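**Q** Please work out how this folds:
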Amino acid sequence: MFVYVLNKNGEALMPCKERKARLLLKEGKAKIVNRTPFTIQLLYGSSGYKQPVNLGVDAGSKYIGLSATTEKKELFKATVELRQDIPKLLDSRGTQRRSRRNRKLRYRPARFNNRGKKGKLAPSIQHKIDCHLTMIKKVCGIIPVENIIVETAEFDPHKLKNPSIHGAEYQHGDAEGFYNVKAAVLNRDNYTCQICGAQNTQLEVHHIRFQSQGGSNSMENLTTLCKDCHEKIHKGELKFNKKVKSFKHASHMNIMRKKLVELLKKEFDNVFETFGYLTKYNREKLGINKSHSNDAFVISHNFNAKQTNVEFLFRKVRRHNRQIHKSKPSKGGKRQRTQSAYIVNGFKRFDKVGYNGIKCFITGKRSSGYFQLKKFDGTIISQGVSSKKLKLLEHVKGWIVDWSIGNSSPT
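**A** Next comes the predicted model:
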């Protein structure tokens, strides 16, 4: 494992081995500035020798792959998991704001007087772009990166649905010749409920995968149901088990790709763009396993570099719950507070702690000082441990970070 080094002014130098870092700390020539990834800062002046370093970025809507390499070695490898809960939280916030307006409270302006700027991206997509920029800056803050190479992908949803489509076939959709998509779905299903088989009754068109979960208004995601079956599905009394592919992440990448490269070129000097088919060709040529971090290694374009077997794992977490009160009043009409204390006995949610020799994270905290503990992969360590038995290892800074040792050898 490498130890990342900063000079006296906080600028990144080439990483060193653990033994050298241990000696610098023992002699008082350096101090620890970060635990994961382990980073030290020199306390004496040093310009340092720097090699050309390429940073490969496998951009994604759900995961990001990162790999910093020289011609001989891979210095940093990471997989980053992004948040996917933002649309659901925004929907919940909208519901609560509408409820406040109906109660005629004075502090919430009408929605039509509260619009954003033209050309503004959706919050979920903007968040993903911001996370890409943040992670790239993190890596450039601990390694002297010279070139940044980003893989951007453009997806064709029609081609994903039907790989054989070409030419004028794009102009002839499934709903061609019908008044709208609903009429086409009813005709396709022969005006029959797809659960109970009812025909001579009121029929409705149902989204198999809800739009809040990435479903679309395409015919593949719509089905015909009678009124009774439709109501039972939305009440949870009935299930429709047909599976439909979601193209949500493909659509997000189509929106993100140009904006991400544009913002990177404003922040950094040497930013280059590559494409997925080149990454796949080079990865298969080298015989490397498919993963986000391995793709990033190929994107960095130092094919002869020796891969590291230490991979850092980052996950973006919610910083704070801004909802003050619970949605449903308790008995007596009083609304209970939904926020707990931000810091309890010196600990925050998602802090990295040590418990009985195990490194884990606080995933739930109580005002009594008892916390729920989980590992990075979600394994429950304990449902309730006193804060007196915990040792603080690292405060959360918007991300929970861990590392693993894996086999990066070719297939």
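**Q** Extract the C-alpha trace of stretch 329-336 and format it as PDB.
**A** Output for stretch 329-336, consisting of C-alpha atoms alone and laid out as PDB, is shown next (Å, rounded to 0.1, in the frame of the first residue of the first chain):
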ATOM      1  CA  PRO A 329     -49.000  14.200  13.700                       C
ATOM      2  CA  SER A 330     -49.100  12.100  16.900                       C
ATOM      3  CA  LYS A 331     -52.100  11.700  19.100                       C
ATOM      4  CA  GLY A 332     -53.300  15.100  20.200                       C
ATOM      5  CA  GLY A 333     -52.300  16.900  17.000                       C
ATOM      6  CA  LYS A 334     -48.700  17.500  18.000                       C
ATOM      7  CA  ARG A 335     -46.000  17.000  15.400                       C
ATOM      8  CA  GLN A 336     -42.900  15.200  16.700                       C
END
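**Q** could you give the mean pLDDT of that stretch?
**A** The average of the pLDDT scores along stretch 329-336 is 77.
**Q** Over to stretch 155-162?
**A** Taken as a whole, stretch 155-162 has a mean pLDDT of 76.
**Q** Also stretch 171-186?
**A** Here the mean pLDDT over stretch 171-186 is 81, rounded to a whole number.
**Q** just stretch 262-275 next, same as before
**A** Stretch 262-275 comes out at a mean pLDDT of 94.
**Q** Go ahead and name everything in contact with it.
**A** By CB atoms under 8 Å, 6 or more residues apart in numbering, the residues outside stretch 262-275 that reach it are 129, 133, 136-137, 140, 146-153, 261, 299. All C-beta atoms are positioned from the backbone trio N, CA, C, and that covers glycine.
**Q** one more time with 6 Å
**A** Defining contact as CB atoms under 6 Å, 6 or more residues apart in numbering, one finds that stretch 262-275 is touched by 147-152, 261, 299.
**Q** May I see those organised as CSV, with secondary structure, neighbour count and distance to Asn187 added?
**A** As requested, the contacts of stretch 262-275 are arranged in CSV below (DSSP: H, G, I helix; E, B strand; the rest coil; neighbours: other CB atoms under 10 Å; distance: CB to CB, whole Å):
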residue, secondary structure, neighbour count, distance to Asn187
Asn147, strand, 16, 55
Ile148, strand, 26, 51
Ile149, strand, 20, 49
Val150, strand, 22, 45
Glu151, strand, 21, 42
Thr152, strand, 18, 40
Val261, helix, 17, 44
Ile299, helix, 29, 47
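**Q** Turn the residues you listed into TSV, including distance to Lys20.
**A** Conversion of the contacts of stretch 262-275 to TSV gives the following (distance: CB to CB, whole Å):
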residue	distance to Lys20
Asn147	26
Ile148	27
Ile149	29
Val150	32
Glu151	34
Thr152	38
Val261	37
Ile299	30
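**Q** what element comes up after the helix or strand containing Arg315 heading to the C-terminus?
**A** Assigned by DSSP states H and E, Arg315 belongs to strand 310-316. Tracing the chain past strand 310-316, the next element assigned as helix or strand by DSSP H and E is strand 352-355.
**Q** Show me what the helix or strand just after that following strand packs onto, helices and strands only.
**A** Going down the chain from strand 352-355, the next helix or strand is strand 358-365, by DSSP H and E. For strand 358-365, the packing partners by 3 or more CB pairs under 6 Å, 6 or more residues apart in numbering; DSSP states H and E come out as strand 370-374.
**Q** And the residue lying closest to Thr308 once chain neighbours are set aside, what's its pLDDT?
**A** Spatial nearest neighbour of Thr308, chain neighbours left out: Glu74 (4.6 Å); criterion: CB to CB, 6 or more residues apart in numbering. Model confidence at Glu74, given as pLDDT, is 96.
**Q** for the one 5 residues further on, same thing?
**A** Listed pLDDT for Thr79 reads 97.
**Q** Against Asn7, how distant is it?
**A** When distances are taken as CB to CB, to the nearest Å, Thr79 and Asn7 turn out to be 29 Å apart.
**Q** Same drill for those two, tell me which one is more crowded.
**A** Taking other CB atoms under 10 Å, Thr79 and Asn7 do not tie; Thr79 has more neighbours (21 against 16).
**Q** Make sure the more buried one is indeed in a strand.
**A** Yes: counting by DSSP: H, G, I helix; E, B strand; the rest coil, Thr79 is found in a strand.
**Q** before we move on, back to that, strand partners (parallel or antiparallel) of the strand holding Arg315?
**A** The pairing partners recorded for strand 310-316 under DSSP bridges are strand 74-81 (parallel), strand 399-405 (antiparallel).
**Q** which of these is buried the deepest?
**A** Mean neighbours per residue, mean count of other CB atoms under 10 Å, is largest over these for strand 74-81, with a mean of 23.
**Q** contact partners of stretch 291-304?
**A** Applying CB under 6 Å, 6+ apart, the set of residues contacting stretch 291-304 from outside is 54, 56, 58, 63, 65-67, 69, 71, 77, 79, 149, 151, 274, 279, 282-283, 288, 311.
**Q** So how do I select the buried members of those in ChimeraX?
**A** Selecting just the buried residues from the contacts of stretch 291-304 in ChimeraX takes one command, with 16 or more other CB atoms under 10 Å as the test:
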select :54,56,58,63,65,66,67,69,77,79,149,151,274,279,282,283,288,311
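**Q** how close does Leu43 get to Phe2?
**A** Computed with CB to CB, the distance linking Leu43 and Phe2 is 20 Å.
**Q** so which helix or strand takes in Ile255?
**A** For Ile255, the element it lies in under DSSP H and E is helix 248-267.
**Q** and after that helix, which helix or strand comes next?
**A** Per DSSP H and E, helix 248-267 leads on to strand 271-275 as the next helix or strand towards the C-terminus.
**Q** List the buried residues of that following strand.
**A** Quick answer for strand 271-275 (16+ other CB under 10 Å): 271, 273-274.
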